[in-house]
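Engineer: what's the 3D shape of this:
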Amino acid sequence: MLIESDIFIAYIKKEDRLKKAATAIINAVENCKLTPVQASTEVFHELYYVFSDYASLQTIIANEARIATIKNLMYILPDYAIYLAALNIMDTYGVTSIFDAIYAATALSAKVPDHTIISTDKKYDVIKGLKRIDPQELKI
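Structural biologist: Okay, here's the model as predicted:
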């Protein structure tokens, strides 16, 4: 099961509509109540871009370190096959965000055996072979 960036963004922010669900998911991962769970290392690039306009670099570093040290969360480093698959997903399904396409390609790879992504983003619903779970509906 792959955690998408919207969970990490909500987890980091002081207030967010997904804050309660994001915190519950991260706590479940850390307490081995939700397993196995992965994330793409590309999330660190995206989080920088999301927060760079209104947070200091020191704050971004602290928040990314917080994400990097979540216990029991396995990080997947994309390889060329994932990047190529991401570009194909963009072309085939009209996904416009390279980050979203990389997350989809990662979730569809053998590195995420259940091909499931935790996200509120409904664009994943049209991608063949990918299962999306809304974090607010996830039973932990």
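
Engineer: Let me know the secondary structure of Met74.
Structural biologist: With DSSP: H, G, I helix; E, B strand; the rest coil as the basis, Met74 sits in strand.

Engineer: what sits against it?
Structural biologist: By C-beta atoms under 8 Å, 6 or more residues apart in numbering, the residues touching Met74 are Pro36, Val37, Gln38, Ala39. C-beta coordinates here come from the backbone N, C-alpha and C atoms, glycine included.

Engineer: where along this protein do the strands fall?
Structural biologist: 2-3, 37-40, 73-76, 116-118, 131-133 (DSSP state E).

Engineer: Save the ones you listed as a markdown table, and put in mean pLDDT and distance to Ser52 too.
Structural biologist: Below are those laid out as a markdown table (pLDDT from 0 to 100; distance: least, C-beta to C-beta, whole Å):
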| stretch | mean pLDDT | distance to Ser52 |
| --- | --- | --- |
| strand 2-3 | 98 | 21 |
| strand 37-40 | 98 | 19 |
| strand 73-76 | 98 | 21 |
| strand 116-118 | 98 | 24 |
| strand 131-133 | 98 | 27 |
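
Engineer: Going by neighbour count, which of the contacts of Met74 comes out on top?
Structural biologist: Among the contacts of Met74, the one with the most neighbours (other C-beta atoms under 10 Å) is Ala39, at 25 neighbours.

Engineer: Brilliant, that's me finished.
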